[in-house]
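K.L.:
Next comes the sequence, and after it the predicted model I'd like to discuss.
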Amino acid sequence: MKEKIDLKAYTGKIAEALPKGILLNTNGDKFNTMVIGWGHIGFIWGRDTFVAFVRESRYTKAQIDKTGEFTVSIPEGKPDGGIIKICGMQSGRNMDKVKEAGLTLEEPSVIKTPGIKEFPITLECRVLYSGKIEISALPDDIQEKMYPRNVGSDNPLANRDAHTMYVGEIVDAYIIK
Ligand SMILES: Cc1cc2nc3c(=O)[nH]c(=O)nc-3n(C[C@H](O)[C@H](O)[C@H](O)COP(=O)(O)O)c2cc1C
């Protein structure tokens with residue numbers, strides 16, 4: 001069952017959950033999810049939006065580029081450490097995270113990407129705009145800390161490649177009960 005939420009009442013909760021890890025779900029060739037710790041919830045072009053930042057090397061990137069949509073799943077309290085470890089350290093290119101992490105999928109209401117019952121606060125998003133971050137235009141300290149280029153693109157901890165920013169319009173927001 002889905003219970004609609006008032007986004008404004010949840011903005012603080014979502015911002016607080018982000019650094020501990022929330023999930024970004026995609027449904028291109030198959031359903032997949034990955035942990036994100038960066039993101040913005042806000043308002044632009046007259047729309048409620050969630051902005052996600054996805055490195056070039058992620059399987060998730062190919063999936064979003066294929067479908068132009070994603071779902072964001074946020075836990076109600078502390079995130080499950082086992083789910084964060086599997087979904088934030090392994091790539092869905094090579095395995096099924098739903099099976100491996102024991103996730104329960106919830107049918108979406110507007111787009112085609114499901115939510116996840118274990119992370120029940122759900123934002124269904126359609127991509128309005130995407131753009132690759134220009135690393136050389138960032139302050140030096142951020143370049144050095146976030147893009148040290150010592151872990152190659154084939155590793156889930158890759159830090160060589162740039163993020164693409166995806167501005168997603170929030171087309172539905174609810175809690176899975
Ligand atoms: C706490 C945490 C936060 C993360 N935040 C991001 C992020 O904001 N953007 C990103 O591209 N990767 C982030 N990652 C890394 C991805 O979750 C990880 O590389 C994942 O295995 C990619 O999965 P995929 O290849 O199935 O897309 C984070 C990982 C953790 C553990």
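P.N.:
Looks like it came in fine.
K.L.:
Which helix or strand contains Tyr10?
P.N.:
If you go by DSSP states H and E, Tyr10 is part of helix 7-17.
K.L.:
Check what contacts that helix and list those residues.
P.N.:
Helix 7-17 is contacted by residues 22, 41, 48, 74-75, 79, 121, 170, 173 when judged by CB atoms under 8 Å, 6 or more residues apart in numbering. Yep, even glycine has a C-beta here, placed from its N, CA and C like the rest.
K.L.:
buried set for that helix?
P.N.:
Within helix 7-17, the residues that count as buried by 16 or more other CB atoms under 10 Å are 10, 14, 17.
K.L.:
any idea how far Thr122 lies from the ligand?
P.N.:
For Thr122, the distance to the ligand equals 18 Å [CB to the nearest ligand atom, to the nearest Å].
K.L.:
roughly how far is the helix or strand that that residue is a member of from the heart of the chain?
P.N.:
For Thr122, the element it lies in under DSSP H and E is strand 121-132. Strand 121-132 sits 9 Å away from the centroid of its parent chain (CA atoms, centre = their mean, to the nearest Å).
K.L.:
Just want the angle from it to helix 7-17.
P.N.:
Interaxial angle, strand 121-132 versus helix 7-17 (axes from the mean of the first three to the mean of the last three CA atoms, to 10 degrees): 70 degrees.
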